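> Sequence plus the predicted model coming up.
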Amino acid sequence: MRWQLTVIPVWLFAVVGAVLVGLFSPVHDYLTWLPMVLAGSIFIAFGIQLAVVQKEGLVNRMTASLVGSVVVLAVATAILWPLSVA
């Protein structure tokens, strides 16, 4: 249960951030804002792990959080990049 409480919010932040970039960012700035969403995901992941005072599984939880965010943003990049080139 602890794993889900610490990983899923980071993934949701990445999804919501990617959607907001797609909706509100100018087309030529997509590839500028998506790395900023990843940076925010990293900060949120670290913040959540600092709030959870459990040492066991820290590396696994951080890895799951950040790999999930990278996958979400890679999919968003694959969708938004052709739009920014066209």
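Structure's in. What do you need? Numbering: from 1, shown residues only.
> starting at the chain centroid, how far to the longest helix along the chain?
In terms of residue count, the longest helix belonging to the chain (DSSP state H) is helix 58-85. Centroid separation for helix 58-85 versus its chain: 6 Å, with CA atoms, centre = their mean, to the nearest Å.
> what stretches of the chain score poorly on pLDDT?
1 (pLDDT under 70).
> Kindly recompute the last result at 80.
Scanning the chain for pLDDT under 80 picks out the ranges 1-3, 86.
> Tell me which other helices or strands the longest helix of the chain touches.
Helices and strands touching helix 58-85, as assessed by 3 or more CB pairs under 8 Å, 6 or more residues apart in numbering; DSSP states H and E, comprise helix 2-24, helix 30-51. Every residue, glycine included, has its C-beta placed from N, CA and C.
> Switch those over to TSV; also include mean neighbour count and distance to Val75.
Shown next, in TSV, are the helices and strands packed on helix 58-85 (neighbours: other CB atoms under 10 Å; distance: least, CB to CB, whole Å):
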stretch	mean neighbour count	distance to Val75
helix 2-24	16	8
helix 30-51	16	11
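> Can you lay out these as CSV showing distance to Ser84?
Supplementary listing: the helices and strands packed on helix 58-85 in CSV, determined by distance: least, CB to CB, whole Å:
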stretch, distance to Ser84
helix 2-24, 10
helix 30-51, 5
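> which one of those lies closest to Val71?
helix 2-24 (8.6 Å; CB to CB).
> How far away from the center of its chain is that closest one?
With CA atoms, centre = their mean, you get 5 Å for helix 2-24.
> what does stretch 78-86 give?
With CA atoms, centre = their mean, you get 19 Å for stretch 78-86.
> before we move on, what about stretch 14-29?
The chain centroid and the centroid of stretch 14-29 are separated by 12 Å, computed with CA atoms, centre = their mean.
> Identify the residues contacting it?
Taking contacts as CB atoms under 8 Å, 6 or more residues apart in numbering, the residues outside stretch 14-29 that touch it are 30, 32-34, 37-38, 40-41, 68-69, 72-73, 75-76, 79-80, 83-84.
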